[in-house]
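Q: give me coordinates for this.
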Amino acid sequence: MSIRVVITATIRPEDRDAFEKAYLEVTENVRGTPGHIRDALLRDTSDTTRYSLIAEWESEEVFRAWADDPEHMRQSAAMYPYWADSFRRGIYEVRATLESYDTDRAVTAAE
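A: Residues are numbered from 1 along each chain as shown. Below you'll find the predicted structure:
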């Protein structure tokens with residue numbers, strides 16, 4: 001069962017562009033990592049200093065193995081200078097998904 005890793009952080013206003021550039025660098029570094037499916041970077045529309053990073057992984061075990069590997073720190077290092085006062089990480093098991101574009105399988109429950 002896949003998981004989503006959700007990281008929320010506050011970025012100083014003057015660092016937003018540099019942080020977004022660093023995020024793109026990190027995603028290139030992580031591309032092809034076994035078990036990694038996709039990433040998304042979201043910026044809050046009401047507070048543009050707040051970001052959420054959402055990563056999809058095949059399983060919690062494969063994510064934790066990568067997160068505990070020293071290579072993880074090297075791959076993600078470009079973003080670290082931009083975290084301001086808050087950083088939170090949560091790991092969520094996918095229980096159901098909705099795919100609006102596929103009307104035959106609109107809602108899929110986790111097995």
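Q: shouldn't Val62 be within a helix?
A: Yes: assessed by DSSP: H, G, I helix; E, B strand; the rest coil, Val62 belongs to a helix.
Q: tell me the pLDDT of the nearest residue to it once chain neighbours are set aside.
A: Counting by Cβ to Cβ, 6 or more residues apart in numbering, Gly35 is the residue found nearest to Val62 once chain neighbours are left out, at 3.3 Å. Placement of C-beta: from N, CA and C, glycine included. With respect to pLDDT, Gly35 scores 95.
Q: again, but for Glu111
A: pLDDT for Glu111: 52.
Q: and the residue nearest to Val62, what does it touch?
A: 57-59, 62-63, 65-66 (Cβ atoms under 8 Å, 6 or more residues apart in numbering).
Q: which of those residues fall within strands?
A: Trp57 (DSSP state E).
Q: of the contacts of Gly35, closest to Val30?
A: Here the nearest of the contacts of Gly35 to Val30, counting by Cβ to Cβ, is Trp66; it sits at 8.5 Å.
Q: quick one, strands of this structure?
A: 3-11, 36-43, 50-57, 83-93, 96-98, 107-109.
Q: out of these, nearest to Glu20?
A: strand 36-43 (6.9 Å).
Q: quick one: buried residues of the closest one?
A: Buried residues in strand 36-43, counted by 16 or more other Cβ atoms under 10 Å: 36, 39, 41.
Q: if Ala40 is in a bridge, with which residues?
A: Counting by DSSP bridges, Ala40 forms beta bridges with Ile54.
Q: circling back to that earlier point, now render the buried residues of strand 36-43 as a markdown table, adding distance to Pro70.
A: Compiled in a markdown table, those are given as follows (distance: Cβ to Cβ, whole Å):
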| residue | distance to Pro70 |
| --- | --- |
| His36 | 17 |
| Asp39 | 20 |
| Leu41 | 24 |
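Q: lowest average confidence, helix or strand, in this protein?
A: strand 107-109 (a mean of 50; mean pLDDT, DSSP states H and E).
Q: follow-up on the earlier one: any chance of the strands of the chain in TSV, plus distance to Glu28?
A: Listed next are those as TSV, based on distance: least, Cβ to Cβ, whole Å:
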stretch	distance to Glu28
strand 3-11	18
strand 36-43	10
strand 50-57	14
strand 83-93	20
strand 96-98	26
strand 107-109	30
